[in-house]
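Visitor: Provide a 3D model corresponding to the input given below.
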Amino acid sequence: MRAIWKTVSVLSIFGLGFLGGTMQWSAQSTAIAQNDDAGASEEVTKSITAAYSALQTVKSNLNQEGRYTPAARMLNVTGVMAGGIDAMADLESGQGVDPETFGALYANMASDEVSINLNTDENGRLTYKGKVIRMYSIERLKVFYKKRLKFAGDDEETAGF
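Guide: Below you'll find the model as predicted:
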């Protein structure tokens, strides 16, 4: 008789678990993403707009001096803050591009001039004229960010270089 009760108990627990799983008796299990519609405050929005306008002015000045040649359709803030960038020459050399250009190319934001020469290799890596697009070397990244610090008024010691 004991064996029958054990068997019935185990089957009952298994059955309740099965019913609970199929009928979703547990608490709500939907994932809720962060709210992207929250938006920024009016003050933050004005500050971002003013900063973007200032960056556009700097970009125009760098263009006039021939020190800003992007490879993407969007503003390269990193390049502007470093005092200019020639992302096209970087792409042509095959020795790497700055992080912002790298991200923009992978986000399908390449300029029309660049996009016609983009492809992917067998490993899914983005290529430009058959060469895999890589990010700057660590040493070149350090030099690049040191330029930004110079324009920001910081020195290498406070930045940890």
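
Visitor: got a list of what Asp112 touches?
Guide: Not one residue lies near Asp112 by C-beta atoms under 8 Å, 6 or more residues apart in numbering. The way it works is simple: take the backbone N, C-alpha and C, and place the C-beta from them, glycine included.

Visitor: Check the gap between it and Leu118 for me.
Guide: Remark: distance between Asp112 and Leu118 (C-beta to C-beta, to the nearest Å) = 11 Å.

Visitor: Then Thr49?
Guide: From Thr49 to Leu118 the distance is 31 Å (C-beta to C-beta).

Visitor: Comparing those two, which shows the higher neighbour count?
Guide: Taking other C-beta atoms under 10 Å, Thr49 and Leu118 do not tie; Leu118 has more neighbours (17 against 10).

Visitor: doesn't Tyr128 make contact with the more buried one?
Guide: Yes: between Leu118 and Tyr128 there is a contact at 6.0 Å, judged by C-beta atoms under 8 Å.

Visitor: who touches both of these two?
Guide: Leu105.

Visitor: Helix, strand, or coil at the spatially most central residue of the chain?
Guide: Nearest to the geometric centre of the chain sits Gly103, at 5.5 Å (C-alpha atoms, centre = their mean). When classified by DSSP: H, G, I helix; E, B strand; the rest coil, Gly103 comes out as helix.

Visitor: Where do the helices of the protein begin and end?
Guide: Counting by DSSP state H, the chain has helices at residues 2-23, 42-64, 77-81, 87-93, 99-106, 112-115, 138-152, 156-159.
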